[in-house]
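K.L.:
this one's structure only:
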């Protein structure tokens with residue numbers, strides 16, 4: 001049976017579209033300072049082309065292309081400082097998440113495994129999720145980053161949880177589904193449409209980025225191998241809760257026939 005529900009943060013608990021809009025605004029500003037005269041719309045078109053070629057690290061690729069390694073490094077640190085200074089200004093709690101996590105925490109232990117700045121822990125507390133989360137496996141704190149399976153193993157060890165007693169809920173096949181399956185966890189690919197996130201862009205550049213998200217998003221990249229194929233998929237909270245119930249029944253059956261895990 002399931003004992004732990006493990007969530008990603010970005011686009012699962014919190015909407016990080018405002019963060020990505022900020023990253024692209026800052027990238028464009030740095031490009032202009034470096035002498036490039038490329039319109040913001042054209043930069044977004046390059047972003048979309050990279051995603052179509054299954055390039056999830058599109059911002060990093062474009063940063064290195066236009067700014068070089070050193071310039072991209074400076075840009076990353078400048079953006080990190082801005083996000084640290086106003087974390088909740090760059091993230092929004094997704095609709096219905098607090099109620100869903102509160103309900104799940106009555107039956108299961110809750111954890112997060114995420115590539116995030118350490119400030120996310122206080123942010124989760126500030127929006128009411130903190131009391132329901134028993135374990136934080138945050139990349140900046142732990143020193144491991146998804147898709148490294150060791151981050152999942154770190155979380156499982158500290159949770160004193162067998163892989164077959166935990167389900168990973170994430171929006172990306174590369175960072176969430178594949179590594180969680182590698183260590184033997186159950187998986188749910190949760191891809192909430194951007195239109196249902198309750199997000200209202202602020203300003204012209206944020207609006208342009210949002211429109212680009214509607215055209216192409218890494219959250220819509222699907223599995224391309226058995227290793228990336230989740231046990232369940234969901235596109236809204238109701239479907240997610242139903243998927244957890246189905247996996248719990250399957251996990252209970254698996255533990256009866258294979259008591260040492262999945």
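P.N.:
Nice, thanks for sending it over. Since the model is a prediction, treat every value here as computed from it, not as a measurement.

K.L.:
And for stretch 240-259, what's in contact with it?
P.N.:
With contacts defined as Cβ atoms under 8 Å, 6 or more residues apart in numbering, stretch 240-259 is touched by 1-2, 5, 100, 103-104, 164-165, 167, 169, 186, 188, 190, 231-234, 261-262. Any C-beta I mention is one placed from the backbone N, CA and C, and that applies to glycine too.

K.L.:
Now it: buried residues?
P.N.:
Neighbour-count burial for stretch 240-259 flags 240, 243-244, 247-248, 250-251, 254-255 (criterion: 16 or more other Cβ atoms under 10 Å).

K.L.:
tell me the average confidence for the host helix or strand of residue 98?
P.N.:
Element membership of residue 98 [criterion: DSSP states H and E] is helix 97-104. The pLDDT scores in helix 97-104 average 98.

K.L.:
cool, and stretch 63-75?
P.N.:
97.

K.L.:
what's next to it, contact-wise?
P.N.:
26-27, 30-31, 34, 36, 60, 76.

K.L.:
and those, which two are the farthest apart?
P.N.:
Greatest spatial distance among the contacts of stretch 63-75 (Cβ to Cβ): 36 and 76, at 18.2 Å.

K.L.:
Please identify the buried residues of the longest helix seen in the chain?
P.N.:
Identified as the longest helix of the chain according to DSSP state H is helix 58-85. Using 16+ other Cβ under 10 Å as the burial criterion, the residues of helix 58-85 that qualify are 58-59, 62-64, 66-67, 71-72, 75, 79, 82-83.

K.L.:
next one: it to chain centre, how far?
P.N.:
19 Å (Cα atoms, centre = their mean, to the nearest Å).

K.L.:
what's next to the next helix-or-strand element following that helix, contact-wise?
P.N.:
Using DSSP H and E, the helix or strand that follows helix 58-85 in sequence is strand 92-93. For strand 92-93, contacts defined as Cβ under 8 Å, 6+ apart pick out 13-15, 18, 127, 129, 197-199.

K.L.:
Which phi and psi values does residue 237 adopt?
P.N.:
phi -60, psi -40 (degrees, to the nearest 10).

K.L.:
can you count the residues close to the nearest residue to it once chain neighbours are set aside?
P.N.:
The shortest distance from residue 237 to any non-neighbouring residue, by Cβ to Cβ, 6 or more residues apart in numbering, is to residue 96 (4.8 Å). For residue 96, the count of nearby residues is 15 (other Cβ atoms under 10 Å).

K.L.:
How much space separates residue 96 from residue 192?
P.N.:
According to Cβ to Cβ, to the nearest Å, residue 96 stands 10 Å off from residue 192.

K.L.:
Repeat that for residue 22.
P.N.:
20 Å.

K.L.:
Same question for residue 2.
P.N.:
For residue 2 relative to residue 192 (Cβ to Cβ), the value is 22 Å.

K.L.:
same thing with residue 45?
P.N.:
25 Å.

K.L.:
Among those two, which residue is more densely surrounded?
P.N.:
Neighbours per residue (other Cβ under 10 Å) separate residue 45 from residue 192, with residue 192 holding more: 21 against 15.

K.L.:
who's in contact with that one?
P.N.:
With Cβ under 8 Å, 6+ apart, residue 192 has these contacts: 11-12, 94, 171, 219, 235-236.
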